[in-house]
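**Q** just a sequence and a predicted model for now, questions to come.
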Amino acid sequence: MPTTIVDHATPLLKAHVRALFRQLPPALAGDEEAIHQMRVAGRRLRVALPLLARKPNGRRVRRARRILRELTRSAGTSRDLDVGVALFDERLRERGETEAERRTLRQRLRSARSRSRVRMAEALMDIDIARVRRDLRVVVSHRAELVFTALLRLRDARDVRGTAILESLEALGDGFDPAPLHRLRIRLRRLRYAAELAEKMTGQTSEAPALFRQLQDALGHVRDAHVLSCWMGRQASAAVARGQASLAAAAREEEAFFLERSHQHHRSFLALSPSATVRRGLEAMGASRTAA
């Protein structure tokens, strides 16, 4: 009796597409959690498409991935400011009584967030959502790749991305360099999404996604504090230019505070033994050749 091959890939692809478009309406309305979930769904779909689609290098897949990148990037600044507001509010609660200068900084941060949401909505409206809907509809209608081919692609993606991450970690060492650390975080996130796809394709769980997420989250804390520190630095420079000495002093103090907080998070990241953790995750995915 012939063996029936279960198509795990097509339902996965469909689920990623639905997850994205479910978040778009509330994200356009400025809902903070929907903005975050839209970006997550868009990133997951960008990873899934070249791994699961029948024609990963086809015109529709390439165009959909490009538009999805525009979509997730358009919401990036707004999301950074959402996190910045939360971090600064927490900081002010820890300080207790808040003087006028820090209340001014908080108001300016919230105003910047409001403006960024307006710009985000305008940018999203300029993106050809109808086009990406049509392209994704056609891609899904062709069904996903056969499970064996999809798993081979996942294996190749694991090896290539794992090697790149280990090389980045070796180059960075213990150094604190926010831009390369942010790029490392992006690579870890993509590898984590690939690991999650592998689990769903095979029905077998591993510790790999949790290990990669642990490192990704640690680097996220590094970036969030650093972004807010840079914002405070710009506020300090603007206050100096306007002759607002007390506001400039408060902003410089907050700049230093969040820079040190970013360094603290970086030390926590290093305490996770990132190279060893990545190798452990790759081994859990079966990447003995890369992890050797």
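**A** Sure, I can see it. Keep in mind that what you see is a predicted model, and the values were worked out from it rather than measured. Numbering: from 1, shown residues only.

**Q** count the residues that sit near the nearest residue to Phe176 once chain neighbours are set aside.
**A** If the residues on either side of it in the chain are set aside, Phe176 comes closest to His266, at 5.1 Å by Cβ to Cβ, 6 or more residues apart in numbering. All C-beta atoms are positioned from the backbone trio N, CA, C, and that covers glycine. Taking other Cβ atoms under 10 Å as the criterion, the count of residues near His266 is 23.

**Q** and Gln23, what element?
**A** Taking DSSP states H and E as the definition, Gln23 sits inside helix 9-28.

**Q** helices or strands up against that helix?
**A** Helices and strands touching helix 9-28, as assessed by 3 or more Cβ pairs under 8 Å, 6 or more residues apart in numbering; DSSP states H and E, comprise helix 32-52, helix 100-126, helix 129-141, helix 178-202.

**Q** how many neighbours does Arg103 have?
**A** Neighbour tally, Arg103, other Cβ under 10 Å: 12.

**Q** pLDDT wise, what is it at?
**A** What the model reports for Arg103 is a pLDDT of 95.

**Q** got it, and Pro209?
**A** If you check Pro209, the pLDDT there is 96.

**Q** ok, it - contacts?
**A** Contact partners of Pro209, counting by Cβ atoms under 8 Å, 6 or more residues apart in numbering, are 192, 195-196, 199.

**Q** and with 10 Å instead?
**A** Under the criterion of Cβ atoms under 10 Å, 6 or more residues apart in numbering, the contact list for Pro209 reads 191-199, 216, 281, 284-285.

**Q** pLDDT added to those residues, as a markdown table?
**A** A markdown table is the format used below for those (pLDDT from 0 to 100):
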| residue | pLDDT |
| --- | --- |
| Leu191 | 96 |
| Arg192 | 96 |
| Tyr193 | 95 |
| Ala194 | 94 |
| Ala195 | 95 |
| Glu196 | 93 |
| Leu197 | 91 |
| Ala198 | 89 |
| Glu199 | 89 |
| Gln216 | 97 |
| Gly281 | 96 |
| Ala284 | 93 |
| Met285 | 90 |
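
**Q** which of those are buried?
**A** The neighbour count (16 or more other Cβ atoms under 10 Å) marks 191-198, 216, 281, 284-285 as buried among those.

**Q** Arg108 contacts Ala238, doesn't it?
**A** Yes. Shown here, Arg108 and Ala238 form a contact pair, counting by Cβ atoms under 10 Å, at 9.3 Å.

**Q** what is in contact with the two at once?
**A** Any residue near both Arg108 and Ala238 by Cβ under 10 Å, 6+ apart counts here, and that gives 247, 251.

**Q** which parts of stretch 99-111 are buried?
**A** Judged by neighbour count (16+ other Cβ under 10 Å), stretch 99-111 contains these buried residues: 101-102, 104-106, 109.

**Q** scratch that, stretch 59-75 is what I was asking about
**A** By neighbour count on 16+ other Cβ under 10 Å, the buried set for stretch 59-75 is 60-61, 63-65, 67-68, 71-72, 74-75.
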